[in-house]
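In: Coordinates for the following, if possible.
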Amino acid sequence: MFNKILIANRGEIACRVAATARRLGLRTVAVYSDADANAKHVLACDEAVHIGASSPKESYLRGDRVIAAALATGAQAVHPGYGFLSENEGFAQACADAGLVFIGPPPSAIKAMGLKAEAKQLMEKAGVPLVPGYHGAGQDPQMLRAEADRIGYPVLIKASAGGGGKGMRIVTTTGEFDAALASCKREASNSFGDDAVLIERYVTRPRHIEIQVFGDSFGDCVYLFERDCSVQRRHQKVLEEAPAPGMSEARRAEMGAAAVAAAKAVGYVGAGTVEFIAETTADGDLRFFFMEMNTRLQVEHPVTEAITGIDLVEWQLRVASGEPLPLKQAELRIHGHAIEARICAENPDAQFLPATGTLAVARWPEHVAFARNADGEPFHDAAPVRVDAGVRECDAISPFYDSMIAKLIVWGADRAQALARLDVALAATHIVGLHTNVAFLRRVAASASFANADLDTALIERERAVLFDAAPLPLEVAAAGVVAHALAAEAALAGADPWSRRDGWRLHGSATRRFDIQSQGAHHFFSLERSNVGNNGAQTLVMGTQRWPFKALQRAGDGAGANRHDVTLGERRWTLGVYATGERFSVFSPDGSAVVDEFDPVAHSADGAAAGGRLTAPMPGKVIAFLAAVGEAVKLGQPLAVMEAMKMEHTITAPRDGRIEELLYAAGDQVSEGGELLRMSAP
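Out: Next comes the predicted model:
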């Protein structure tokens, strides 16, 4: 086994690798960019080396600097995590040339599976079923459109060197093809440095099922069962689970054998994932097609760890150091069911627009750190919830990297128990300071399709009516949370002196305190009435003509407990988490969450509203292209500009009919959130 390894990554996966290395007694070296100087993964390692500016191209993608850092610190091996250089054949070879062990497959295996078109040709020769498509080297746009016409629409354009949902477009007609191809190639080039694409028939109700494989340097290879990753948005996974619902033992064995055959065909060593597109036939059978092989550890690997009790990072380290696989195929078993939710900084109700900002609050459910407890038992024997996070409270989410904040993993004896635990754990996840998808994840998990395991990659679109623009926590409950927090804060300031308190206390008579808030774009008044008649201190929350008896008790405890309140509103008691950031209150309950603001009359004056007609950047990022010229007349909804943020492209459309008066940036310019991109006049 090694003595010291360098982790060539950032965020939660760097923290994840460091945790296992520490448990095994290995020293670790982190690398970091300007933006990550104080990041969690830097402090999680024993040493850290600065490797460049914030942009990945100037830091985490600089293999030469990573290798120099490893050599300078005496590291014997490099763990690439996932993303960045993890599937870079040249980097793996450069590590070997420098005398470093690359904790992953040999360069030849990365090359064989890295280019998706060539990999499909290899699988076709091996007899693995493929989706009809074009996997050749030719990239002439007219030829590619002709191939798409031959295959038949809808088709999927996919970056040949891609992964993570980047460089992918679904095309439904020949007229859409050219624009989709150009966008796909542009995104592929920016993400992978290679704009080659392949084209496939788009399976209309596909399930995304992947097999975890593991090989050693002695020629042995096993599969650690499957994961269902069908719930996706923008071709990126949202919820993953293991094992796949409805998977028969016979089909599991068949897919596992195919995955192992694929790995052995390229002399695979280490952790890898063979991904399949599957569809249910009319007779209820599951037909599967090879999609690609990811030659690295996957983001969703914790669900496999949960059902097998195996620490996959430990296996990676042991195999890379020359040890054989710890277990044979016959010794592997499935225990229970696990689900992973990817918690991301994004706004689902605004087409999953990435969000940036500071995590003013980041509170997680009770959890354990990684796969095994101190006795070597599977982590779910110690606790049913696991959180893999690469950030801490008060950390910033920048525009330079992926939008994922953390992964929340739950285990249950069966799928029903795992689902119940997932909802409870998501309800206990409180993040304040920027948009997240936590509430959206709860709605997805509770939807009829997911609850009944009716899974395919269109699940989110199919359940759109219940997933988007959902009603928040009832206004009176949010108001009760605001009142409870205000009373507790004032009590803490005033101490025990009743004459200094501002909660309406009077020696005689009653008092009314008014609150003026804004929620969901609407202005609301409510008040708290306190009666001192008979010295009973009864309180009533009043909103319009509605009145509720009100009681609030702040829970004792540490910092987290200080934000928890037991509130009785009418006949119902609630436990609310309430966090104040400036003039904004974020209220969390087991039934949902809400955000309310103190009403600001200046912001809602005529002067404050005048700026609403400008076309501004909805997030910080880079301008890729303007799609309309100065003087051009445009229509409502017409694409006007393309921006790139967090490694994804986003199209900005016209908010109304008009004429382009001025472009305020050029292609390639960086724009801050809210920056005015262009000016429009009336048509």
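
In: Run through the stretch 101-250 of the chain and note the low-pLDDT ranges.
Out: Scanning the stretch 101-250 of the chain for pLDDT under 70 picks out 163-164.

In: can you pull up the bridge partners for T273?
Out: As for beta bridges, T273 partners with Q212, N294 under DSSP bridges.

In: For it, which residues are in contact?
Out: By CB atoms under 8 Å, 6 or more residues apart in numbering, T273 lies in contact with 210-213, 293-294, 296, 298. C-beta here means a position set from N, CA and C on the backbone, and glycine is covered the same way.

In: switch the cut-off to 7 Å
Out: 210-213, 293-294, 298 (CB atoms under 7 Å, 6 or more residues apart in numbering).

In: What of F440?
Out: Taking CB under 7 Å, 6+ apart as the test, what F440 contacts is 348, 467.

In: Same check on A265?
Out: Going by CB under 7 Å, 6+ apart, A265 touches 122, 126.

In: circling back to that earlier point, quick one: which of the contacts of T273 is nearest to I343?
Out: Q298 (16.9 Å; CB to CB).

In: Would you check how far apart the closest one and G433 are?
Out: Using CB to CB, to the nearest Å, one gets 29 Å for the distance from Q298 to G433.

In: Same check on R296?
Out: R296 is 31 Å from G433, by CB to CB.

In: which of those two has more neighbours?
Out: Under the criterion of other CB atoms under 10 Å, the comparison of R296 against G433 puts R296 first, with 25 against 22.

In: Tell me the secondary structure at the more buried one.
Out: Of the three states, R296 takes coil under DSSP: H, G, I helix; E, B strand; the rest coil.

In: nearest spatial neighbour of it, skipping sequence neighbours?
Out: Among residues not flanking R296 along the chain, S86 sits closest, at 4.1 Å (CB to CB, 6 or more residues apart in numbering).

In: what does R584 give?
Out: Counting by CB to CB, 6+ apart, the residue nearest R584 is D597, at 5.1 Å.

In: Could you report the separation of A37 from A30?
Out: 11 Å.

In: Which residue of these two possesses the greater neighbour count?
Out: A30 (29 against 11).

In: Double-check that one against L43; I have them as touching.
Out: No - taking contacts as CB atoms under 7 Å, A30 lies outside contact range of L43: 8.3 Å.

In: In a markdown table, list the contacts of T273 along with neighbour count and distance to G127.
Out: Below are these laid out as a markdown table (neighbours: other CB atoms under 10 Å; distance: CB to CB, whole Å):
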| residue | neighbour count | distance to G127 |
| --- | --- | --- |
| E210 | 26 | 19 |
| I211 | 27 | 16 |
| Q212 | 27 | 22 |
| V213 | 23 | 17 |
| M293 | 30 | 16 |
| N294 | 21 | 21 |
| Q298 | 22 | 25 |
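
In: remind me which residues of the stretch 301-450 of the chain are low pLDDT?
Out: Using pLDDT under 70, the stretch 301-450 of the chain drops low at 368-383.

In: Let's see the pLDDT reported for G495.
Out: Note on G495: pLDDT of 57.

In: Dump stretch 186-204 to CSV, keeping only the CA atoms.
Out: What follows is stretch 186-204, C-alpha atoms only, in CSV (Å, rounded to 0.1, in the frame of the first residue of the first chain):
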residue,chain,number,x,y,z
ARG,A,186,-19.4,24.1,-29.0
GLU,A,187,-20.2,22.8,-25.6
ALA,A,188,-18.2,19.6,-26.2
SER,A,189,-15.1,21.6,-27.3
ASN,A,190,-15.3,23.8,-24.2
SER,A,191,-15.8,20.9,-21.8
PHE,A,192,-13.5,18.2,-23.4
GLY,A,193,-11.3,19.9,-25.9
ASP,A,194,-12.9,17.7,-28.6
ASP,A,195,-16.0,18.6,-30.7
ALA,A,196,-16.5,15.2,-32.4
VAL,A,197,-20.0,13.7,-32.0
LEU,A,198,-21.9,10.6,-32.6
ILE,A,199,-25.6,10.2,-33.4
GLU,A,200,-28.1,7.6,-32.2
ARG,A,201,-31.8,6.8,-32.3
TYR,A,202,-33.3,8.4,-29.2
VAL,A,203,-35.2,5.7,-27.3
THR,A,204,-38.4,7.4,-26.3
